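[1] Next input, structure requested:
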Amino acid sequence: ASNSHKGPYEFEKIQHLQEFNEHEGPIWCMKFSSCGRLLATAGQDKVLRIWIIKNAFTFFQDMRTKYNAEKVSPTPSQESLVSHHSTESSNFAVLEAVNPEEARKFIFMPKPFCTYSGHTSDLLDVSWSKNYFILSSSMDKTVRLWHISRKECLCCF
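    Got it, this is the predicted structure:
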């Protein structure tokens, strides 16, 4: 095995562009989706948060709305996702409240696209599927399955 691609690495022109302030306590895990437009963060506060790149917000919002519109009688959690205007408006309100030069630097929307609760201890790892399912594992010895179009846990292992 070759060591030619192993560190230490030197990075040039590193810039601080944005902070994620929604978590309480340390973030133990951050993983990008396979498309690179979504970022899952998880940590000590037992909450899985999904962040979305600014220029992909409309795409995923439309996908989520379309998916839930196909349901004949949505569950209460799906209804909250279909009526997404509160999340959307709060994201844009935060962007407008920030200095325009600062807002331009943001890569991600300022508020999470999805927030998932259910674990009873620190989250340690997350894993994405190609079609936006997410597995989260916790120190509570459970693994939970989520999808960005749904608000509730789909399965607990």
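[2] alpha carbons only for contacts and neighbour counts from here, please
    Fine.
[3] Please pull out the lowest mean pLDDT helix or strand from the protein.
    For the chain, the helix or strand with the lowest mean confidence is helix 76-82, at a mean of 45 (criterion: mean pLDDT, DSSP states H and E).
[4] and the helix or strand containing R64, what other elements does it pack with?
    R64 is part of helix 57-69 when elements are defined by DSSP states H and E. Counting contacts by 3 or more CA pairs under 8 Å, 6 or more residues apart in numbering; DSSP states H and E, helix 57-69 packs against helix 76-82.
[5] how about the spatially most central residue of the chain, secondary structure?
    By CA atoms, centre = their mean, the chain has its centre lying nearest to I50, at 0.8 Å. In three-state terms, and counting by DSSP: H, G, I helix; E, B strand; the rest coil, I50 is strand.
[6] ok, it - contacts?
    38-41, 112-115 (CA atoms under 8 Å, 6 or more residues apart in numbering).
[7] Please flag which of those residues sit within strands.
    Assigned to strands by DSSP state E, the following of the contacts of I50 qualify: 38-41, 114-115.
[8] what about the strands in the chain?
    Using DSSP E, the strands found in the chain span residues 27-32, 38-43, 47-52, 114-117, 123-128, 133-138, 143-147, 155-156.
[9] how near is C156 to I52?
    Between C156 and I52 the computed distance is 25 Å (CA to CA, to the nearest Å).
[10] who has more neighbours, these two?
    Set C156 next to I52 and count neighbours by other CA atoms under 10 Å: I52 wins out with 24 against 14.
[11] Can you check the pLDDT for C35?
    pLDDT, C35: 95.
[12] Can you give me the first-to-last residue distance of stretch 131-145?
    Using CA to CA, the two ends of stretch 131-145 sit 13 Å apart.
[13] Dig out what I50 forms beta bridges with.
    Counting by DSSP bridges, I50 is bridged to A40, C114.
[14] ignore the last one, L123
    Per DSSP bridges, the residues bridged to L123 are S138.
[15] what's the neighbour count on it?
    Neighbour count for L123, taken as other CA under 10 Å: 26.
[16] ok, it touching T41?
    No - using CA atoms under 8 Å as the test, L123 is too far from T41 to be in contact (9.2 Å).
[17] Find the residues that touch each one of these two.
    Common contacts of L123 and T41 (CA under 8 Å, 6+ apart): 28-29, 48.
[18] Quick one: buried ones out of these?
    29, 48 (16 or more other CA atoms under 10 Å).
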